[in-house]
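Trainee: Sequence and predicted model, in that order:
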Amino acid sequence: MTPAQLELLLVHGRDPVTGEQLGRAYPTYPSIQERIAKRLGAIDSSFTSEARATEVARITHEEEARGPKTAVSGFDLTFSVPKSVSVLWGLADADTQKRLVEAHHEAVAEVLAFFEREVAVTRAGANARNGAVAQHEVAGVAATAYDHWDSRCGDPQLHTHVVVSNKVRTVYDQKWRSLDSIPIHRSVVAISEHYNAVLADILTQRFGVQWNRRDRGADRNQALEITGVSEELLAEFSNRSREIDIETDRLIEEYAVTYGRRPSPKTIVELRATATIATRPEKELHSLAELTDGWRQRAEALLDAGSTEWARGITTGASAPTLRAEDVPLDLVARIGTQVVGVVGRSAPPGGIGIYGQKHPGRRWSGASPHHGTVKPLWAWSSTQQPRPHCA
């Protein structure tokens, strides 16, 4: 599939081969300047120059504050491995790096299958007079995936952007409609935890690694990390998180001064999202060879052995016994399920996956073009096949 074909599907909602419109075309909306011009044209001609200038300033401010209105053409599902996995991958030899990436891809593929099976639906009847809306099953989703190796601060951060088209075919009448975004956003925590659990399972079986939970501060959930990857190593390669933490703390203090109380956990999640955007630096593009060389040099002072030898020691443990579903008592499942529901009801994703609704035509897909630096599409995904290499 070519970049032009990807653009047809992911940006314009058209068949990537024939160019045929899939269902209704995405609506277009007036730009900010067009909205301003329309309102300015309605200003009373009897206004004095001073009054008119005041009205122009007010209208301009209101419309710029509203921002552009655009149609959602898809979703960016971002799967990010735990920091300890990124550090281990960044310091390992080339063969181990490849195997770790393969394990990550396998986990992403399994979670995408879960997404198709349990989350992806479309809606019909939104304009019915009685207000009735029905959710319908879809015949899978169309998506493409892109790997990224590093954070915006140059630290190892293995993550994959899975760009999912908003266009889906309804099973019952074969019509093309849009994904229902409500269950997608409601499932963020569940999908994130599912990805983390699947990845941990695969890495444990394949490399014999062990896991433990680490504290990440009073306002964040604990993180599941690989045993043997020290806190010093995690700190060395967490510059981006550190920037976000500092800005989040500042926003929390500002909130407390403004409202006279500490923000709720839900508000803190929102403040952290704001801090993430506010501190986001420009991406710098480097080859994986350059990045790996720099990471190994930085790690030398914190390791007794060489980086690759240390990583080999972590990834050559004995495989742990496999726990099967039937080995877990049903009363334990029910008890843990109750606890999980209580936690995820007030939680945000702990870092495994973020889901972002992308818009057309105001913003382009993050990493959606293989011409952006060294990022290339890795696989095309559909409900009828496993991920396959994608030809750029």
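Mentor: Right, received. Where do you want to start?
Trainee: And the strands in the stretch 1-150 of the chain?
Mentor: Using DSSP state E, counting those that start in this stretch, the strands of the stretch 1-150 of the chain run over 71-80, 121-124, 134-137, 143-150.
Trainee: Of these, which is nearest Val111?
Mentor: strand 71-80 (7.2 Å; C-beta to C-beta). To be clear about C-beta, it is placed using only N, CA and C from the backbone, and glycine gets the same treatment.
Trainee: tell me the phi and psi of Pro156?
Mentor: Torsion angles at Pro156 (phi, psi; degrees, to the nearest 10) stand at phi -60, psi 130.
Trainee: picking that back up, turn the strands of the stretch 1-150 of the chain into CSV, including mean neighbour count.
Mentor: As requested, the strands of the stretch 1-150 of the chain are exported to CSV (neighbours: other C-beta atoms under 10 Å):
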stretch, mean neighbour count
strand 71-80, 22
strand 121-124, 19
strand 134-137, 14
strand 143-150, 22
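Trainee: Out of the ones you listed, flag the one nearest Ala275.
Mentor: Closest to Ala275 of those, according to C-beta to C-beta: strand 71-80, at 17.0 Å.
Trainee: I'd like the average pLDDT over that closest one.
Mentor: For strand 71-80, the mean pLDDT works out to 92.
Trainee: Make 25 the starting number, not 1.
Mentor: Let's use 25 as the start, then, which means that last one is strand 95-104.
Trainee: What is that strand packed up against?
Mentor: Helices and strands touching strand 95-104, by 3 or more C-beta pairs under 8 Å, 6 or more residues apart in numbering; DSSP states H and E, are helix 118-138, strand 180-189, helix 205-210, strand 377-384.
Trainee: Now tell me which helix or strand of this protein has the poorest mean pLDDT.
Mentor: Here the helix or strand of the chain ranked lowest by mean pLDDT, DSSP states H and E is strand 409-413, holding a mean of 34.
Trainee: How many neighbouring residues does Ser331 have?
Mentor: 21 (other C-beta atoms under 10 Å).
Trainee: Output the strands of the stretch 25-174 of the chain as JSON lines; include the columns distance to Val132.
Mentor: Listed next are the strands of the stretch 25-174 of the chain as JSON lines, based on distance: least, C-beta to C-beta, whole Å:
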{"stretch": "strand 95-104", "distance to Val132": "5"}
{"stretch": "strand 145-148", "distance to Val132": "21"}
{"stretch": "strand 158-161", "distance to Val132": "22"}
{"stretch": "strand 167-174", "distance to Val132": "7"}
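Trainee: rank the helices and strands packed on strand 95-104 by pLDDT, which is bottom?
Mentor: strand 377-384 - the lowest mean pLDDT of the helices and strands packed on strand 95-104, at a mean of 46.
Trainee: Show me which residues of the helix or strand hosting Ala297 are buried.
Mentor: Secondary structure assignment for Ala297, by DSSP states H and E: helix 289-302. Using 16 or more other C-beta atoms under 10 Å as the test for burial, helix 289-302 gives 292-293, 295-296, 299-300.
Trainee: do stretch 53-72 as well
Mentor: Neighbour-count burial for stretch 53-72 [16+ other C-beta under 10 Å]: 56, 59-60, 63.
Trainee: so where's the stretch 25-174 of the chain uncertain?
Mentor: Scanning the stretch 25-174 of the chain with the threshold set as pLDDT under 70 gives 150-156.
Trainee: Just the pLDDT for Ala404.
Mentor: pLDDT, Ala404: 44.
Trainee: Counting by contacts, list what the host helix or strand of Gln363 packs against.
Mentor: Following DSSP H and E, one finds Gln363 within helix 354-368. Counting contacts by 3+ C-beta pairs under 8 Å, 6+ apart, helix 354-368 packs against helix 212-231.
Trainee: how big is the angle separating the helix it packs on from helix 354-368?
Mentor: Per axes from the mean of the first three to the mean of the last three C-alpha atoms, to 10 degrees, the angle that helix 212-231 makes with helix 354-368 is 120 degrees.
Trainee: which helices and strands does helix 212-231 pack with?
Mentor: helix 118-138, strand 247-250, helix 354-368, strand 377-384.
Trainee: Pick the most buried one from those.
Mentor: Stretch with highest mean neighbour count among these: strand 247-250 (a mean of 20; mean count of other C-beta atoms under 10 Å).
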